[in-house]
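Please work out how this folds:
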Amino acid sequence: MGISALLTAIISSRLPSNDLWVSSWVGEAILALAIGGWAMAQKARAGQAPVLEGPGRKFALSLCPAMIAGGILTLVLYRNALFALMPGVWLLLYGVAVVTGGAFSVNLVPIMGISFMLLGTIALFSPAAWANWFMALGFGGLQIVFGFIIARRYGG
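As a prediction, the model looks like this:
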């Protein structure tokens, strides 16, 4: 997921309009959701456990409210042409989703969520020109760093 976000940051920084910029990041969110779902299914299959039972179900149910709120706020921000707020809102709400979902995971996951929340907060108060840097740092960098540590320490 982190690598696709870094590629999206590069591509979206060159797009000629805010509409295309938002579309590229919404597309990335859909791709990331698919990658995350596939990874979760693979881990469940390896552990011979149903994906949406026990911890997997709790994780999904904890993650969804903040993600749905992010989708709704994206529509509101888009409708009001508040593009500069999107990176901060996305990072902040993704962080909230990871913190709550991480309550049913290893201790490092909530720390990852808090990192996203801090980055999102900073992004909300930063110049709009830095949007792609924040998106690359959060959805690219934080995902890669924490993903590597989690995979190394906990097997994925």
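
Identify the single longest helix in this protein, thanks.
helix 18-46 (DSSP state H).

Distance of G147 relative to W133?
20 Å (Cβ to Cβ, to the nearest Å). Any C-beta I mention is one placed from the backbone N, CA and C, and that applies to glycine too.

try I144
From I144 to W133 the distance is 15 Å (Cβ to Cβ).

what do you get for A41?
33 Å.

And I149, by the same measure?
Applying Cβ to Cβ to I149 and W133 gives a distance of 22 Å.

for R14, same thing?
14 Å.

Between those two, which has more neighbouring residues?
Neighbour count, other Cβ atoms under 10 Å: between R14 and W133, W133 has more, with 16 against 10.

contacting residues around stretch 132-142?
With contacts defined as Cβ atoms under 8 Å, 6 or more residues apart in numbering, stretch 132-142 is touched by 1-3, 5-6, 8-10, 12-13, 25, 28, 32, 87-88, 90-91, 94, 112, 115-116, 119-120, 122-123, 126.

Is it possible to mark the buried ones in those?
1-2, 5-6, 8-9, 12, 25, 28, 32, 87-88, 90-91, 94, 112, 115-116, 119-120, 122-123 (16 or more other Cβ atoms under 10 Å).

Where does F104 sit: helix, strand or coil?
coil (DSSP: H, G, I helix; E, B strand; the rest coil).
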